[in-house]
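Peer 1: Please work out how this folds:
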Amino acid sequence: MSTYLRGSVYWIEVRDPDGNRIRESTQTDDREKAQAYHDLRVAQLKLGHAKPTTWNDAIARWMGERTDKRSLDRDEQMARWLEQHWNGKVFSAITDDDVRLVVEAKKRETSASNANHYLKFIKSLFNRSVEWKWVPANPVRMKPYKVNNRRIRFLSEQEFGRLMAELPPHLGVMAEFSVLTGLRRSNVTGLRWDNVDLERRLLWVSSENYKSGRDHGIPLSDRAIAILMGEKGCHPVYVFTYNGRRVEQVNTKAWKKALQRAGVQDFRWHDLRHTFASYHAMNGTPLLTLKALGGWQSLEMVNRYAHLSAEGSRLYVANSAPQAATVGAVGCSVGQVPTSTPNSQAVFPSEPARNTL
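Peer 2: All right, here's what the predicted structure looks like:
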């Protein structure tokens with residue numbers, strides 16, 4: 001059994017339990033990694049794994065074991081994107097450098113926050129593969145990107161109007177519905193007719209499909225009802241469709257081009273949820289009510305929008321006035337000689353008046 005260099009890549013030569021000789025590429029030019037792969041293959045052959053497992057094998061086993069996971073659809077989406085980079089690649093040959101290149105590509109394509117989701121998925125898959133004895137250790141050492149989780153980007157009414165004018169109809173109604181209901185992207189694309197009650201003007205998302213892990217009901221406005229009525233009859237199962245098929249992706253070229261034409265910058269689909277919350281806060285919706293409408297688990301999440309609620313709170317500013325009669329005279333009318341001051345600004349002496357007698 002040996003490890004040897006062939007060209008610029010290390011190969012291994014091992015024997016299976018029947019004594020048959022096997023030669024394989026380690027797909028790396030790093031001697032230590034090649035030796036680790038050699039030792040892993042020896043262990044796998046003893047367990048009866050005649051062929052090296054690939055990225056595709058790891059994904060298939062992960063999906064088979066995680067059928068009860070609420071975010072399985074998200075895992076499938078990430079796996080499809082990652083397949084273009086690692087399709088057929090020997091799983092144990094994937095290095096931290098390989099992971100870093102792929103995650104950086106996703107960051108350039110979308111955002112640091114989204115790239116972190118992919119990094120977390122890859123790390124979880126390798127952790128599980130250690131349990132499977134497919135790899136000796138998790139090779140991923142990359143740290144998540146620092147992100148500003150308090151970032152709030154919402155559309156002004158002018159931006160919203162311009163974007164609606166540029167979006168294709170199927171994305172336009174989905175975007176507007178997101179602003180009206182606060183639903184996350186996956187809950188909009190996966191909305192089914194059996195989750196809608198037009199008569200009671202209500203829709204709900206089951207716990208397995210909602211981020212908080214709890215059932216979430218949403219009352220529907222007149223405009224939201226009108227959008228649903230317009231989609232009725234287009235598909236027997238899903239609400240939002242295109243050419244008779246469910247819309248699964250919204251972060252498409254059509255979406256990005258519409259943003260460009262509308263002159264809307266630094267805006268992601270998830271920011272439609274920020275727009276929903278910001279409009280509610282600015283129009284006076286109490287934060288506890290907003291928490292219920294948006295399905296947030298804690299008030300801390302909703303407090304991100306508290307600074308926008310000043311205008312909406314103006315209705316309540318007089319509520320702190322005592323009911324008993326109050327002193328009517330204030331300021332200059334209380335025993336002081338009025339001073340001519342521009343813009344009615346109050347004058348505060350720097351020191352008390354002295355008795356000159």
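
Peer 1: only C-alpha atoms for contact and neighbour calcs from this point on.
Peer 2: Fine.

Peer 1: helix/strand/coil for the closest residue to R245 other than its chain neighbours?
Peer 2: Leaving aside its sequence neighbours, R245 sits nearest to H235 (C-alpha to C-alpha, 6 or more residues apart in numbering; 7.5 Å). The local conformation at H235, judged by DSSP: H, G, I helix; E, B strand; the rest coil, is coil.

Peer 1: can you give me the offset of stretch 189-208 from its chain's centre?
Peer 2: 21 Å (C-alpha atoms, centre = their mean, to the nearest Å).

Peer 1: so what's W86 up against?
Peer 2: W55 (C-alpha atoms under 8 Å, 6 or more residues apart in numbering).

Peer 1: Tell me the spacing between F160 and H117.
Peer 2: 28 Å (C-alpha to C-alpha, to the nearest Å).

Peer 1: For burial, what's the neighbour tally of the residue nearest to R245?
Peer 2: Neighbours of H235 under the rule other C-alpha atoms under 10 Å: 17.

Peer 1: quick one: it from H270, how far?
Peer 2: 25 Å.

Peer 1: Same check on K257?
Peer 2: From K257 to H270 the distance is 17 Å (C-alpha to C-alpha).

Peer 1: and D57, how many neighbours does it have?
Peer 2: 15.

Peer 1: Please read the previous query as pertaining to P169.
Peer 2: For P169, the count of nearby residues is 12 (other C-alpha under 10 Å).

Peer 1: ok, now the one 10 residues further on?
Peer 2: V179: 24 surrounding residues under other C-alpha under 10 Å.

Peer 1: Contact partners for it?
Peer 2: Taking C-alpha under 8 Å, 6+ apart, one finds L272, R273, T275, F276 in contact with V179.

Peer 1: Quickly find the element holding it.
Peer 2: helix 169-181 (DSSP states H and E).

Peer 1: Moving C-terminal from that helix, which element do we reach first?
Peer 2: Later in the chain than helix 169-181, the nearest helix or strand by DSSP H and E is helix 185-189.

Peer 1: packing partners for the helix or strand that that next one is followed by?
Peer 2: Next in sequence after helix 185-189, counting helices and strands by DSSP H and E, comes strand 196-197. Using 3 or more C-alpha pairs under 8 Å, 6 or more residues apart in numbering; DSSP states H and E, the elements in contact with strand 196-197 are strand 202-205.

Peer 1: export the strand it packs on as CSV, just CAs?
Peer 2: Output of strand 202-205 as CSV, limited to C-alpha atoms (Å, rounded to 0.1, in the frame of the first residue of the first chain):
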residue,chain,number,x,y,z
LEU,A,202,-57.1,34.2,6.4
LEU,A,203,-54.1,32.1,5.4
TRP,A,204,-51.8,30.0,7.6
VAL,A,205,-48.4,28.4,7.4
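
Peer 1: Tell me the strands beside that strand, with direction?
Peer 2: Its sheet considered, strand 202-205 pairs with strand 196-197 (antiparallel), strand 216-219 (antiparallel) by DSSP bridges.

Peer 1: Among those strands, show the one with the smallest mean pLDDT.
Peer 2: Between those, the one with the least mean pLDDT is strand 216-219; it has a mean of 88.

Peer 1: Restricting to C-alpha, output it in CSV.
Peer 2: C-alpha atoms of strand 216-219 as CSV (Å, rounded to 0.1, in the frame of the first residue of the first chain):
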residue,chain,number,x,y,z
HIS,A,216,-48.7,31.1,11.8
GLY,A,217,-52.0,32.6,10.7
ILE,A,218,-52.2,35.8,8.8
PRO,A,219,-55.4,37.9,8.2
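
Peer 1: before we move on, the earlier item: which one of the strands paired with strand 202-205 lies nearest to Q249?
Peer 2: strand 196-197 (21.2 Å; C-alpha to C-alpha).

Peer 1: Outside of that closest one itself, list whatever touches it.
Peer 2: L202, L203, W204.

Peer 1: hang on, the earlier thing: can you put the strands paired with strand 202-205 in TSV and add mean neighbour count?
Peer 2: Formatted as TSV, those follow (neighbours: other C-alpha atoms under 10 Å):
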stretch	mean neighbour count
strand 196-197	17
strand 216-219	17
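
Peer 1: Dump those into CSV; add distance to L293 as well.
Peer 2: Below are the strands paired with strand 202-205 laid out as CSV (distance: least, C-alpha to C-alpha, whole Å):
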stretch, distance to L293
strand 196-197, 16
strand 216-219, 6
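
Peer 1: closest to R128 out of these?
Peer 2: strand 216-219 (31.4 Å).

Peer 1: And the next helix or strand past the closest one?
Peer 2: Next along the chain from strand 216-219, counting by DSSP H and E, comes helix 222-231.

Peer 1: Could you name the helices and strands sitting against that next one?
Peer 2: Under the contact criterion of 3+ C-alpha pairs under 8 Å, 6+ apart, helix 222-231 touches helix 169-181.

Peer 1: correct me, but W11 touches D29?
Peer 2: No - assessed by C-alpha atoms under 8 Å, W11 is found out of contact with D29, at 9.3 Å.

Peer 1: Of the two, which one has the most company?
Peer 2: W11 (23 against 15).

Peer 1: Report the beta-bridge partners for that one.
Peer 2: Y4, S25.

Peer 1: that older thread, and the contacts of V179, which is closest to T241?
Peer 2: The shortest approach to T241 among the contacts of V179 belongs to L272, at 19.2 Å (C-alpha to C-alpha).

Peer 1: Do I have it right that the closest one meets S178?
Peer 2: Yes - using C-alpha under 8 Å, L272 is in contact with S178, at 6.2 Å.
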